[in-house]
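Engineer: Model the structure of this input:
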Amino acid sequence: MNKGQEQFFNFIMERVTEEGRKEAEELLKESFKKQANGTFN
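Structural biologist: Numbers count the residues shown, from 1 in each chain. As a prediction, this is how the structure comes out:
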């Protein structure tokens with residue numbers, strides 16, 4: 001995760017309800033991985 005992604009990740013995670021934290025974390029990490037691979041659209 002680069003610095004910008006980390007800042008975005010922290011911003012989102014601070015605002016997600018406790019129930020949605022795991023799902024949000026998984027979605028963000030998957031999106032960052034796709035972005036790094038050039039397959040994010």
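Engineer: Secondary structure element holding the residue most central in space within the chain?
Structural biologist: Nearest to the centroid of the C-alpha atoms of the chain, with distances taken as C-alpha atoms, centre = their mean, sits residue 28, at 2.2 Å. In this assignment (DSSP states H and E), residue 28 forms part of helix 21-37.
Engineer: quick one: contacts of that helix?
Structural biologist: Surrounding helix 21-37, the residues in contact under the criterion C-beta atoms under 8 Å, 6 or more residues apart in numbering are 1, 5, 8, 9, 12, 13, 16, 40. From N, CA and C alone the C-beta is placed, and that goes for glycine too.
Engineer: Could you tell me which of those residues count as buried?
Structural biologist: Members of the contacts of helix 21-37 that pass the buried threshold by neighbour count (16 or more other C-beta atoms under 10 Å) are listed as residue 9.
Engineer: With pLDDT added, can I get the contacts of helix 21-37 in a markdown table?
Structural biologist: Converted to a markdown table, these look like this (pLDDT from 0 to 100):
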| residue | pLDDT |
| --- | --- |
| 1 | 88 |
| 5 | 96 |
| 8 | 97 |
| 9 | 97 |
| 12 | 98 |
| 13 | 97 |
| 16 | 98 |
| 40 | 87 |
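Engineer: and the two most separated of the contacts of helix 21-37?
Structural biologist: Pairwise distances across the contacts of helix 21-37 peak at 20.3 Å for 16 and 40 (criterion: C-beta to C-beta).
Engineer: before we move on, back to that, let's see which of the contacts of helix 21-37 end up in helices.
Structural biologist: Secondary structure assignment by DSSP state H places 5, 8, 9, 12, 13 of these in helices.
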